[in-house]
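Colleague: have a look; sequence and predicted model below, questions after that.
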Amino acid sequence: MSAAPQTPDASATAQPARSAQRSLAVALLLGAVGAALALVAGGQTWSHGTSTAAQGAVPLTADGRDVTGLPAALAVVGLAALVAVFAVRRVGRVVVAALLALSGAAAVLTSFLAASDTGALEAEAAKATGLAAAGVEQITHTVWPWISAAGGALLLIAGLLALRFGPHWPAMSGRYERDGRAKPVRNRATQAQASAAPDLDRPEEIWKALDRGEDPTREA
């Protein structure tokens, strides 16, 4: 006797669930790696140069945060948005996913624009030589601005995945959320017992009324 074939409805339900699980795993991985790359790149040397002064050639370096702190800050925003995706639902999830994508795109743009920036080296030259108009020569740029841009690109992809598949991703447990449902109604016997005036001659009844937040001296 052959096994019953899988119904079309079950197949159609399982396919979106598998796609949502795969997209969730990919988005989490890309978002975490992208944020890490942008943050690490921000602390590395982005450019080298020299400045000529009375004491000779002065070597200069500028790290990512000297050039621009925006990619690292945007990476933090993107990472927070990636986590917040699971704390919100419906329209809120779309808004947070869009913020994640925009953070990644902005990190790419700012890293790209800063890749050839010389302002930080010129500031270092002025500080090292004491001359406001000190020139910088033999400027070279490292690969770290492009690594920062790559991290932003990964955040952008994670945001696009969240926009596309986010509605099918799970959300945080609603155990502590207010869902507006009425509290369970106690049975009639319990209600009658709670509403009945306590016997003032019995101390235990007075204590029970106080525990319920009732005034034991009220009249029935």
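Modeller: All right, it came through fine.

Colleague: tell me who's in contact with the residue lying closest to residue 78 once chain neighbours are set aside.
Modeller: Among residues not flanking residue 78 along the chain, residue 103 sits closest, at 3.7 Å (Cβ to Cβ, 6 or more residues apart in numbering). C-betas here are computed from N, CA, C, even on glycine. Applying Cβ atoms under 8 Å, 6 or more residues apart in numbering, we find residue 103 in contact with 74, 75, 77, 78, 81, 152, 155, 159.

Colleague: dump those to JSON lines, plus neighbour count, distance to residue 60 and pLDDT.
Modeller: Rendered in JSON lines, the data for those read as follows (neighbours: other Cβ atoms under 10 Å; distance: Cβ to Cβ, whole Å; pLDDT from 0 to 100):
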{"residue": "74", "neighbour count": "26", "distance to residue 60": "26", "pLDDT": "95"}
{"residue": "75", "neighbour count": "28", "distance to residue 60": "26", "pLDDT": "94"}
{"residue": "77", "neighbour count": "18", "distance to residue 60": "31", "pLDDT": "94"}
{"residue": "78", "neighbour count": "29", "distance to residue 60": "31", "pLDDT": "93"}
{"residue": "81", "neighbour count": "25", "distance to residue 60": "36", "pLDDT": "91"}
{"residue": "152", "neighbour count": "30", "distance to residue 60": "26", "pLDDT": "95"}
{"residue": "155", "neighbour count": "36", "distance to residue 60": "31", "pLDDT": "96"}
{"residue": "159", "neighbour count": "29", "distance to residue 60": "36", "pLDDT": "93"}
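
Colleague: make TSV out of those residues and add distance to residue 32.
Modeller: Formatted as TSV, these follow (distance: Cβ to Cβ, whole Å):
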residue	distance to residue 32
74	15
75	11
77	14
78	10
81	12
152	14
155	10
159	13
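
Colleague: now do residue 94 against residue 52, distance only.
Modeller: In this view, residue 94 and residue 52 are 55 Å apart by Cβ to Cβ, to the nearest Å.

Colleague: follow-up on the earlier one: and the helix or strand containing the residue nearest to residue 78, average pLDDT?
Modeller: For residue 103, the host element (DSSP states H and E) is helix 91-114. Averaging pLDDT along helix 91-114 gives 93.

Colleague: just the closest of the contacts of residue 103 to residue 116, please.
Modeller: Nearest to residue 116 among these, counting by Cβ to Cβ, is residue 152 at 16.8 Å.

Colleague: wait, isn't that closest one in contact with residue 73?
Modeller: No: assessed by Cβ atoms under 8 Å, residue 152 is found out of contact with residue 73, at 11.5 Å.

Colleague: would you check how far apart residue 112 and residue 29 are?
Modeller: Taken as Cβ to Cβ, the span from residue 112 to residue 29 is 24 Å.

Colleague: hmm, I typed the wrong one, I wanted residue 166.
Modeller: 16 Å.

Colleague: who's more crowded, those two?
Modeller: residue 166 (25 against 12; other Cβ atoms under 10 Å).
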